[in-house]
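Engineer: here are the coordinates; sequence isn't available:
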């Protein structure tokens, strides 16, 4: 879906792989699920933020409330965005537009 709209995309199978992919490609935006094997999305972003504290981030989860205070810290400190599963293509692209405008 993102590649069809001319975005360059790199995929990772879990949080550990996501960190390695970030180190290689240094993405401008990280879209991460919160619940993942190896490292969850919050752990992944803590590691990435040691290299780039201001990397744009969209957290995705079917249960955002479960991580309420941690995600609120991310929103306040790093302007991270949240996306509740299931989400529409329109919702995703609305968030993406915040980072490209």
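Structural biologist: Yep, that arrived. Keep in mind it's a predicted model, so treat the numbers as computed, not measured.
Engineer: shaky segments in the chain?
Structural biologist: 101 (pLDDT under 70).
Engineer: tell me the centre residue of it?
Structural biologist: When the chain is reduced to its mean C-alpha position, the closest residue under Cα atoms, centre = their mean turns out to be residue 31, at 2.7 Å.
Engineer: can you pull the contacts of residue 51?
Structural biologist: By Cβ atoms under 8 Å, 6 or more residues apart in numbering, the residues touching residue 51 are 22, 23, 26. C-beta: built from backbone N, CA, C; applies to glycine.
Engineer: now the second one: how far from residue 68?
Structural biologist: Spelled out, it's residue 23. Spatial separation of residue 23 from residue 68 under the definition Cβ to Cβ, to the nearest Å is 29 Å.
Engineer: Just the strands from the chain, written as ranges.
Structural biologist: Assigned by DSSP state E, the chain shows strands spanning 29-33, 56-61, 81-84.
Engineer: Can you lay out the ones you listed as a markdown table showing distance to residue 93?
Structural biologist: Converted to a markdown table, the strands of the chain look like this (distance: least, Cβ to Cβ, whole Å):
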| stretch | distance to residue 93 |
| --- | --- |
| strand 29-33 | 12 |
| strand 56-61 | 11 |
| strand 81-84 | 11 |
